[in-house]
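> Got a predicted structure plus its sequence, pasted below:
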Amino acid sequence: MKYVPDATADRKFEDDNTVDRVGVDGLLSELDEYAVEQALQFREKREGEEIEVTALCVGPEKAVDAVRKALQMGADKGVHVVDDAIAGSDSIATSLVLAKAIEKVGPADLVVCGMASTDGGMSVVPAMLAERLGLPQVTLASVVESQGDQVRVKRDNEGSTEVIGATLPLVLSVTDQSGEARYPSFKGIMAAKKKPLETYSLSDLGVDAGEVGLSVAWSQVEDTTARPPRTAGEIVTDEDGSGATALVEFLASKKFI
Amino acid sequence: MSEVLVVIDHADGAVKKPTLELLTIARRLGEPSAVFFGSPDKADAVAEKVKAYGAEKVYVVDDAEIKGYLVAPKAEALQQLAEQAQPAAILLPSSFENKEVAARLAIKIGSGLITDAVDVQEGPVTTQSVFAGNYTVQAKVTQGTPIITVKPNAAAPEEAAGAGAVEAFSATVSDAAKTAQVVATQPRESTGRPELTEAAIVVSGGRGTGGDFAPVEGFADSLGAAVGASRAAVDSGWMPHAFQVGQTGKTVSPQLYVANGISGAIQHRAGMQTSKVIVAVNKDEEAPIFELVDFGVVGDLHSVLPAATEQIAARKG
């Protein structure tokens, strides 16, 4: 899961071109809530089996809030990887830290991710994790079904709907169509306080600080420009069909007709 | 000059427009070589098309073996091709599938990755639009071979004669890469309209349609546009998810985007804000979408769109 700046707030960059994660309130990325939900449903559908759901987040001190939210929703255990050296890491380094953390906590039969973060939005970390863990990836699932060690998902592709089959262990990513994420209940909030929440540093995971962070990122942002506010466009009010005429004239003036 | 690998996006051998845009961009960085994953019997037709946009070589990777196994085999094949060709950069059209191929490839070959570029210049220096279009960032890959996925409409395709020499590339794909399999595919019924992510014009509808997309579709057809929908319209079951424009649906960046009955929630804006020209029709003059528009009509889409459709038809004679 990722802890991200609130998308409804005024998101900014720092002077070093990294995302401002301090000045803007953060929260569990909305799209990762669906991943938590699917992990919980996986456990619930397999009553009787010993399944433990671990919520894992790499991020600054405050990112522990994202782990807490998942515990409140129903995860059994939380893991927060925090280390100053991680700041400014690209997706490549982030996937390395996540993979090492999964190896330490795991082995996991199922790694569930959101389809993308709501800040960077690259949607590449699930595939990178699968590559690093040597696992199959089944991504962008809208429907997830499992039986024994077989998982079947349905997903929308460009121009088609696909059914994908794979065998556990695997990396799964889910879309916002996979099922509404539950709200933490009062009982869940109280129970979360007693759940184990571990904090790891890079050295706990055996990751060299020189492999992560802004200075060694394999891609770097060189410049950021806030978009100038759009100059107010022309807005007309439709009266007796005048709106349609004005619209058509505008489109013609821009040569779209 | 070094080769620049361009992965071809195609439908059964029919090369799609974003590939031609990528070849145009690749010429700024080196000598374009197109990479075709597909049936070898389509290779000549594909080569004919891409050489007109400057492809000097066309690597043909027979996909008979790997078709239906998602992205891992393609990443392996590209790794092997990159080791042989030592390209200056690897460009892929920005689809979810290609971003995943690129992600795996980046780890395999130890290279940095940039996704969703809206421009690529010499360097290569890329431009992306982030935070729902509120920021533009310039970035560079600092390690390995730059792997860049590029959004549709990032460049106007420019013709340039290339040699288009077809070269078979036989990749060795491991069994481990074949562990996730497509067990069924159901093609969506074709609407006869352009593909949403590639279309030059997108006409979308939202909650304000009340579930009746006929005015939106009619207007779209008068402009030769693709049809999109907001999350509210999709969640209401009025349109399939495949039509959703926004953060959790498709991002589009057309020449013209027309939002009808869409309030303009941040998630929707994230998916369309890089459109060149934005037009909105909405009954609610307070709708946040009006903050973005080049042109807006405060009015009921059920009357404005059919009237506009009629006038466009009349103009076209």
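Yep, that arrived. Nothing here was measured: the structure is a model prediction, and the numbers come from that model.

> now the helices: where do they sit in chain B?
For chain B, the helices defined by DSSP state H occupy B:17-26, B:43-51, B:72-85, B:96-109, B:214-223, B:231-235, B:266-272, B:301-316.

> Same list, those helices, but as JSON lines with mean pLDDT please.
Shown next, in JSON lines, are the helices of chain B (pLDDT from 0 to 100):
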{"stretch": "helix B:17-26", "mean pLDDT": "96"}
{"stretch": "helix B:43-51", "mean pLDDT": "97"}
{"stretch": "helix B:72-85", "mean pLDDT": "97"}
{"stretch": "helix B:96-109", "mean pLDDT": "96"}
{"stretch": "helix B:214-223", "mean pLDDT": "97"}
{"stretch": "helix B:231-235", "mean pLDDT": "94"}
{"stretch": "helix B:266-272", "mean pLDDT": "87"}
{"stretch": "helix B:301-316", "mean pLDDT": "95"}
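
> can you list these in CSV and add distance to chain A and mean neighbour count?
Glycine gets a C-beta too; all of them are placed from N, C-alpha and C. Below are the helices of chain B laid out as CSV (distance: least, CB to the nearest CB, whole Å; neighbours: other CB atoms under 10 Å in any protein chain shown):
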stretch, distance to chain A, mean neighbour count
helix B:17-26, 11, 25
helix B:43-51, 18, 20
helix B:72-85, 7, 21
helix B:96-109, 4, 24
helix B:214-223, 6, 21
helix B:231-235, 8, 21
helix B:266-272, 5, 24
helix B:301-316, 3, 19
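
> Could you export those helices as TSV, including distance to A:D15?
Compiled in TSV, these are given as follows (distance: least, CB to CB, whole Å):
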stretch	distance to A:D15
helix B:17-26	30
helix B:43-51	43
helix B:72-85	35
helix B:96-109	27
helix B:214-223	44
helix B:231-235	35
helix B:266-272	25
helix B:301-316	45
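
> near chain B at all, stretch A:110-127?
Yes. Using CB under 8 Å from any CB of the partner chain, we find that stretch A:110-127 touches chain B at A:115-116, A:118-127.

> Which positions within that stretch qualify as buried?
Of the residues in stretch A:110-127, A:110-127 count as buried by neighbour count, 16 or more other CB atoms under 10 Å in any protein chain shown.

> do stretch B:114-130 as well
B:114-120, B:124-130.

> Make JSON lines from these and add pLDDT and distance to A:E61 to it.
Converted to JSON lines, those look like this (pLDDT from 0 to 100; distance: CB to CB, whole Å):
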{"residue": "B:I114", "pLDDT": "96", "distance to A:E61": "29"}
{"residue": "B:T115", "pLDDT": "95", "distance to A:E61": "28"}
{"residue": "B:D116", "pLDDT": "92", "distance to A:E61": "30"}
{"residue": "B:A117", "pLDDT": "94", "distance to A:E61": "33"}
{"residue": "B:V118", "pLDDT": "92", "distance to A:E61": "34"}
{"residue": "B:D119", "pLDDT": "94", "distance to A:E61": "37"}
{"residue": "B:V120", "pLDDT": "96", "distance to A:E61": "37"}
{"residue": "B:P124", "pLDDT": "95", "distance to A:E61": "36"}
{"residue": "B:V125", "pLDDT": "96", "distance to A:E61": "34"}
{"residue": "B:T126", "pLDDT": "96", "distance to A:E61": "32"}
{"residue": "B:T127", "pLDDT": "94", "distance to A:E61": "33"}
{"residue": "B:Q128", "pLDDT": "91", "distance to A:E61": "28"}
{"residue": "B:S129", "pLDDT": "85", "distance to A:E61": "30"}
{"residue": "B:V130", "pLDDT": "83", "distance to A:E61": "24"}
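
> Once you drop chain neighbours, what's closest to the residue of chain B found nearest chain A?
Nearest residue of chain B to chain A, counting by CB to the nearest CB: B:G299, 2.7 Å away. Nearest residue to B:G299 in three dimensions, chain neighbours excluded: A:D238, at 2.7 Å (CB to CB, 6 or more residues apart in numbering or on different chains).

> and A:A63, that's in a strand?
No. Under DSSP: H, G, I helix; E, B strand; the rest coil, A:A63 falls outside any strand and is assigned helix.

> what's near enough to touch it?
A:3, A:26, A:57, A:80, A:82 (CB atoms under 8 Å, 6 or more residues apart in numbering or on different chains).

> Any chance of these in a markdown table with secondary structure and neighbour count as columns?
Converted to a markdown table, the contacts of A:A63 look like this (DSSP: H, G, I helix; E, B strand; the rest coil; neighbours: other CB atoms under 10 Å in any protein chain shown):
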| residue | secondary structure | neighbour count |
| --- | --- | --- |
| A:Y3 | strand | 25 |
| A:G26 | strand | 20 |
| A:C57 | strand | 25 |
| A:H80 | strand | 23 |
| A:V82 | coil | 17 |
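
> Relative to chain B, which of those is nearest.
Using CB to the nearest CB, these come closest to chain B at A:G26, 14.1 Å.

> my guess is that closest one meets A:V4, correct?
Yes. Using CB atoms under 8 Å, A:G26 is in contact with A:V4, at 6.2 Å.

> mind listing the strands for chain A?
Along chain A, the stretches classed as strands by DSSP state E are A:3-5, A:26-28, A:54-58, A:77-81, A:110-114, A:137-141, A:143-147, A:150-157, A:160-167, A:170-174, A:197-200, A:219-226, A:234-237.

> out of those strands, deepest packed?
strand A:170-174 (a mean of 28; mean count of other CB atoms under 10 Å in any protein chain shown).

> which residues touch it?
Residues contacting strand A:170-174 (CB under 8 Å, 6+ apart): A:34-35, A:38, A:110-115, A:123, A:126-127, A:129-130, A:133, A:135-142, A:144, A:151, A:153, B:179-180.

> Now do it and helix B:96-109, the angle between them.
140 degrees (axes from the mean of the first three to the mean of the last three CA atoms, to 10 degrees).

> sorry, back to before: contacting residues around the residue of chain B closest to chain A?
A:237-238, A:243, B:281-283.

> Throw those into a markdown table and include distance to B:A184, thanks.
A markdown table is the format used below for the contacts of B:G299 (distance: CB to CB, whole Å):
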| residue | distance to B:A184 |
| --- | --- |
| A:T237 | 50 |
| A:D238 | 47 |
| A:G243 | 46 |
| B:V281 | 39 |
| B:N282 | 40 |
| B:K283 | 42 |
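
> returning to that earlier point: reformat the strands of chain A as a markdown table; add mean pLDDT.
Formatted as a markdown table, the strands of chain A follow (pLDDT from 0 to 100):
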| stretch | mean pLDDT |
| --- | --- |
| strand A:3-5 | 91 |
| strand A:26-28 | 90 |
| strand A:54-58 | 97 |
| strand A:77-81 | 98 |
| strand A:110-114 | 97 |
| strand A:137-141 | 94 |
| strand A:143-147 | 94 |
| strand A:150-157 | 91 |
| strand A:160-167 | 92 |
| strand A:170-174 | 96 |
| strand A:197-200 | 98 |
| strand A:219-226 | 89 |
| strand A:234-237 | 94 |
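
> quick one, which of these is nearest to B:Q138?
strand A:219-226 (4.2 Å; CB to CB).

> between that closest one and helix B:96-109, how big is the angle?
Using the same axes, to 10 degrees: strand A:219-226 against helix B:96-109 is 140 degrees.

> partners of strand A:219-226 in the sheet?
strand B:135-141 (antiparallel) (DSSP bridges).

> rewinding a little: out of the strands of chain A, flag the one nearest B:K57.
strand A:219-226 (26.6 Å).
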